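> give me coordinates for this.
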Amino acid sequence: MYHNNSIRILTGNSHPELAQAVAERLNVPLVPTTVKPFSNGEVNVKISESVRDEDVFIIQSGAGDVNDNLMELLILISACKTASARRITAVIPCFPYARQDKKDKSRAPITAKLVANMLTVAGCDHVITMDLHASQIQGFFDIPVDNLWSEPLMIGYIKRSIPGWQDAIVVSPDAGGAKRVTAIADKLGVEFALIHRKRDGKSLAAPERMELLVGDVEGKVAILVDDMIDTGHTLSLAARTLHEKGAKAIYALVSHGLLTGSNLPELNDLPLHSLVVTNTLPQAEHHEQMPKLVTVDISATVAESIRRTHNGESISLLFGEWAETMGVQVVL
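Modelled structure (predicted):
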């Protein structure tokens, strides 16, 4: 437990459970805050205690109704700014619109950059986030951005909870995740594999399939690693491909479990031993529909990053073995 009364923690409606867990680890009470909509849908914010000249941390994730939660965050930042807070840090475990990080086709918006501008204009001085979809999003800001990694927590989970991990193979379901997968494989001292998605024809309506480009999974424990799962389509294709190639057990480790457009009972029927996600987003409802779902708690990492930021300490320690030494707490 940490004891420091000048840290002020606020939260909106996106993930109050995580905010409460972080506050308890820091031994700091949450600032009583009311965030509710008017009858016409506008967000109304009331902060019940003074934040004048305080170091304010607002915990709000890109969960559920992303647009409402983003507006709540912006209004909370603005309210603290006009209430003379000394510094305002937005703690955004899952950054909204992170997938729209580049102009990949004509007239496509770079919405992640727009979100960065909105946060800065609202009065944000610093951003703490986790496992950005693309690291270059940090460059969209002119204020400091700390991008925490769930990788040490995932490595800790693999070592404690996956039998036979020493002979496992870490798999990326697409080329974009190759760097992430090779880093984990190197730290575990195991092999890695890469899957390529392709269509059985030139038409966009043609059925998709996956091919194993690099690595041999036959008779091995396969650990699929990705940063985000939404519909679960990529995971489904990858899991079935690994099963067909002879993997003896398949685990999926994903940082952000959006699971918004997915059919959870259908995912539960995949040849997966378990789907492991972090609680950057609320998972309680998903657990009811998917018994194979396992949630790893990030509150210790977030709390330590807040404490170190407040005290002016380096947070680079959080990118190494610190999280492993803390132990991995699984939220059921």
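> and the strands in the stretch 51-200 of the chain?
Under the criterion DSSP state E, counting those that start in this stretch, strands of the stretch 51-200 of the chain are mapped to 55-59, 87-92, 126-130, 145-148, 169-172, 191-199.
> how about those strands in a markdown table, adding mean pLDDT?
Shown next, in a markdown table, are the strands of the stretch 51-200 of the chain (pLDDT from 0 to 100):
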| stretch | mean pLDDT |
| --- | --- |
| strand 55-59 | 97 |
| strand 87-92 | 98 |
| strand 126-130 | 96 |
| strand 145-148 | 94 |
| strand 169-172 | 92 |
| strand 191-199 | 81 |
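> of all the ones you listed, which lies closest to residue 308?
Among the strands of the stretch 51-200 of the chain, strand 145-148 comes nearest to residue 308, with 9.3 Å by C-beta to C-beta. Where you see a C-beta, it was placed from the backbone N, CA and C, and this is true even at glycine.
> which other residues reach the closest one?
For strand 145-148, contacts defined as C-beta atoms under 8 Å, 6 or more residues apart in numbering pick out 126-132, 135, 137-138, 298, 301-302, 305, 309, 315, 318-319.
> still on that earlier bit, do you know which of the strands of the stretch 51-200 of the chain lies nearest residue 287?
Across the strands of the stretch 51-200 of the chain, closest to residue 287 is strand 126-130 (C-beta to C-beta), at 20.4 Å.
> tell me, what residue is most central in this structure?
For the chain, the residue sitting closest to the mean C-alpha position, by C-alpha atoms, centre = their mean, is residue 256 at 3.9 Å.
> now do the SS call for that one.
The local conformation at residue 256, judged by DSSP: H, G, I helix; E, B strand; the rest coil, is strand.
> what's the answer for residue 272, then?
Under three-state DSSP, residue 272 falls in the coil class.
> got it, and residue 234?
Using three-state DSSP, the structure places residue 234 in helix.
> residues near it, how many?
By other C-beta atoms under 10 Å, 20 other residues sit near residue 234.
> any idea how far residue 311 is from the nearest residue to residue 109 once chain neighbours are set aside?
Spatial nearest neighbour of residue 109, excluding adjacent residues (C-beta to C-beta, 6 or more residues apart in numbering): residue 100 at 6.2 Å. Spatial separation of residue 100 from residue 311 under the definition C-beta to C-beta, to the nearest Å is 35 Å.
> again, but for residue 81
Distance of residue 81 to residue 311, given as C-beta to C-beta: 23 Å.
> likewise for residue 161?
Distance, residue 161 to residue 311, by C-beta to C-beta: 33 Å.
> the two: which has the busier surroundings?
Neighbours per residue, other C-beta under 10 Å: of residue 161 and residue 311, the larger number sits with residue 161, 15 against 11.
> which one, of the strands of the stretch 51-200 of the chain, ends up nearest to residue 276?
strand 169-172 (13.1 Å).
> using PDB, list the CA coordinates for that closest one.
Only the C-alpha atoms of strand 169-172 are listed here, as PDB (Å, rounded to 0.1, in the frame of the first residue of the first chain):
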ATOM      1  CA  ILE A 169       5.600 -22.100 -29.600                       C
ATOM      2  CA  VAL A 170       4.400 -18.500 -29.600                       C
ATOM      3  CA  VAL A 171       2.200 -17.600 -32.600                       C
ATOM      4  CA  SER A 172       1.200 -14.400 -34.300                       C
END
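> which one's the longest helix in the chain?
Taking DSSP state H as the criterion, the chain has its longest helix at helix 66-82.
> which strands and helices sit next to that helix?
Contacts defined by 3 or more C-beta pairs under 8 Å, 6 or more residues apart in numbering; DSSP states H and E place helix 66-82 against strand 33-37, strand 43-47, strand 55-59, strand 87-92, helix 111-122.
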